[in-house]
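A.B. asks: Sequence first, then the predicted structure:
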Amino acid sequence: MARPRAIDRATILDAAEQVVLRDGAARLTLDAVAIVAGISKASVIYDYKTKQALIQAVVERWITVWRDRLDEAATRYKDCDNPRLRARIDVARNYNAEEDGAVVFQLCSAMTQDEQLRQTMNEGFRVELSKSLSLAKDPDKALLALLAIEGMSILQMFGAVDWRPEQREKILSGIEQLITED
């Protein structure tokens, strides 16, 4: 009979995110994650054999969290035009650059080095793009709106722009108007 797990994967992934925030993705090590999690390195290796596997798991979890937020927001718009895009606008309205963007920003540097990681991120975006456009009343306007939302979010995530709340709301309202006009 197998022994029950004493350490869950979420604890290890939380620790990995803390290390990424503190030291950057390039300095993420299995040792550092073990120390932050308060477990042995062997426990980390049991679930994630390599640094790449650990980073991949962090990225996959972020994609899942992002999709879950969109799915939850989309339920509020199930009877409206462009439900997925309206949900994306809601998620953008509630975006916290310090909490949400910092880890993703650090992981972007790891993406440049890892083809599998790029494929995971790209596939996540392609799935969301396809879903958003397939549910859109006007796919051309929907594409413009989605690109505007993503552009705004990426600029903020990379620290190129720090939108004040009223600026962010004005931009998002303009994008929303684009997809609600007839």
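C.D. replies: Looks like it came in fine. Remember, it's a predicted structure, so these values are computed and weren't measured experimentally.

A.B. asks: got the buried residues for stretch 167-175?
C.D. replies: Across stretch 167-175, burial judged by 16 or more other C-beta atoms under 10 Å covers 168, 171-172, 175. Using the backbone N, CA and C atoms, a C-beta is placed for each residue, glycine as well.

A.B. asks: for it, what is the average pLDDT?
C.D. replies: For stretch 167-175, the mean pLDDT works out to 94.

A.B. asks: Let me see the ranges of the helices in the chain.
C.D. replies: 9-23, 30-37, 41-47, 51-75, 83-93, 102-111, 115-134, 139-157, 165-180 (DSSP state H).

A.B. asks: any idea which of those helices scores lowest on pLDDT?
C.D. replies: Among those, helix 102-111 scores lowest, at a mean of 75.

A.B. asks: Domain-wise, how is this protein divided?
C.D. replies: 1-49, 52-180 (automatic domain parsing).

A.B. asks: circling back: same list (the buried residues of stretch 167-175) but as a markdown table, adding distance to V36.
C.D. replies: Listed next are those as a markdown table, based on distance: C-beta to C-beta, whole Å:
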| residue | distance to V36 |
| --- | --- |
| R168 | 32 |
| I171 | 36 |
| L172 | 35 |
| I175 | 38 |
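
A.B. asks: now L133, nearest residue through space, not along the chain?
C.D. replies: When the adjacent residues along the chain are set aside, L133 lies closest to P139, with 4.8 Å between them (C-beta to C-beta, 6 or more residues apart in numbering).

A.B. asks: returning to what we had before: what's the most buried one of the helices of the chain?
C.D. replies: Of the helices of the chain, the one with the most neighbours on average (mean count of other C-beta atoms under 10 Å) is helix 83-93, at a mean of 21.

A.B. asks: Can you show me the CA trace of that one as PDB?
C.D. replies: In PDB, the C-alpha atoms belonging to helix 83-93 read as follows (Å, rounded to 0.1, in the frame of the first residue of the first chain):
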ATOM      1  CA  PRO A  83     -19.300  36.500 -23.900                       C
ATOM      2  CA  ARG A  84     -15.700  35.400 -23.900                       C
ATOM      3  CA  LEU A  85     -14.400  38.900 -24.800                       C
ATOM      4  CA  ARG A  86     -16.600  40.500 -22.200                       C
ATOM      5  CA  ALA A  87     -15.100  38.000 -19.700                       C
ATOM      6  CA  ARG A  88     -11.600  38.900 -20.900                       C
ATOM      7  CA  ILE A  89     -12.400  42.600 -20.300                       C
ATOM      8  CA  ASP A  90     -13.600  41.700 -16.700                       C
ATOM      9  CA  VAL A  91     -10.400  39.800 -16.100                       C
ATOM     10  CA  ALA A  92      -8.300  42.700 -17.400                       C
ATOM     11  CA  ARG A  93     -10.300  45.100 -15.100                       C
END
